[in-house]
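Visitor: here is my input; please provide its structure:
(one chain, ligands or ions: 2)
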Amino acid sequence: MNDTDKLRITRRDVLMSSAAVSVVIPIMSALPAEAQEASSSSRSSRMSVSFTVNGVNRDLDLDPRTTLLDSLREHLHLTGTKKGCDHGQCGACTVLVDGMRINSCLSLALMHEGDNITTIEGLGTPENLHPMQAAFIKHDGYQCGYCTPGQICSAVAVLKEIEADIPSHVSADVAAAPQVTNLEMRERMSGNICRCGAYSNIAEAMAEVAGTRS
Ligand code: FES
Ligand code: FES
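Guide: Ligands and ions are numbered 1, 2, ... in the order given. Sure thing, here's the model as predicted:
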């Protein structure tokens, strides 16, 4: 076999491999996260984790790479928490962990052993809404609603951050107690993106709950 033949075979092999990969990747990405996990479980051992979600103790046996977001949505079927970017850029996946807001897509479930997690399902019920949920409805703080669970969880935590005197990037004096101003709330909510642009109404809902607007 001369060098030219070798080159021809190599190019054919490369093309065939590319065709195979181009078929397999779309099939894999079309599978839900739980199925993708199962398909690769032979390559990783599963680990157990226990945490409390909305007041209920949950014991899970997970692929160690499972994010908190996927554990909530795919394993516990709490689909109120949304997956937007899955890269920490939109805030749709915001939940409260021991009262602090986090992007659940950026956190591994195994890191939350013993934690107390609150999702939108745990904030209130249709019969007994959390004040922030009621204010969002009153002020039309949403349109399509996709970002809304994350916005509401974030808004609840933001008011607690201000109450706890935690400064933000726009706090005029970081040594002084921050005030519940429109600027403070908008800065603190800047990690929660709303493609429908409901920002002004969200700020009004938050102001009402904070007691600075009726
Ligand atoms: Fe987590 Fe966008 S889905 S920040
Ligand atoms: Fe549609 Fe925010 S209400 S993305």
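
Visitor: three-state assignment of the closest residue in space to residue 48 that isn't next to it in sequence?
Guide: Excluding its sequence neighbours, the residue lying closest to residue 48 (C-beta to C-beta, 6 or more residues apart in numbering) is residue 61, at 5.1 Å. Every C-beta, even on glycine, is put in place using the N, C-alpha and C of the backbone. Assigned with DSSP: H, G, I helix; E, B strand; the rest coil, residue 61 falls in the strand class.

Visitor: quick one: is stretch 131-140 near ligand 2?
Guide: No: judged by C-beta under 6 Å from any ligand atom, stretch 131-140 makes no contact with ligand 2; its nearest approach is 9.7 Å.

Visitor: going forward can the numbers begin at 39, since that is how I track them
Guide: In the new count, where the first residue is 39, that last one comes out as stretch 169-178.

Visitor: buried residues in that stretch?
Guide: 170-171, 173-174, 177 (16 or more other C-beta atoms under 10 Å).

Visitor: for this protein, just list every one of the strands.
Guide: 85-91, 94-100, 132-135, 138-141, 154-156 (DSSP state E).

Visitor: how close does the residue nearest the centre of the chain sit to residue 161?
Guide: Centroid-nearest residue in the chain, with C-alpha atoms, centre = their mean: residue 131, separated by 1.6 Å. Using C-beta to C-beta, to the nearest Å, residue 131 is found at 15 Å from residue 161.

Visitor: residues contacting residue 96?
Guide: 88-90, 114 (C-beta atoms under 8 Å, 6 or more residues apart in numbering).

Visitor: out of those residues, which end up buried?
Guide: Among the contacts of residue 96, the ones that count as buried (16+ other C-beta under 10 Å) are 89-90, 114.

Visitor: tell me the one of those nearest ligand 1?
Guide: Set against ligand 1, the nearest of the buried ones among the contacts of residue 96 by C-beta to the nearest ligand atom is residue 114 (16.8 Å).
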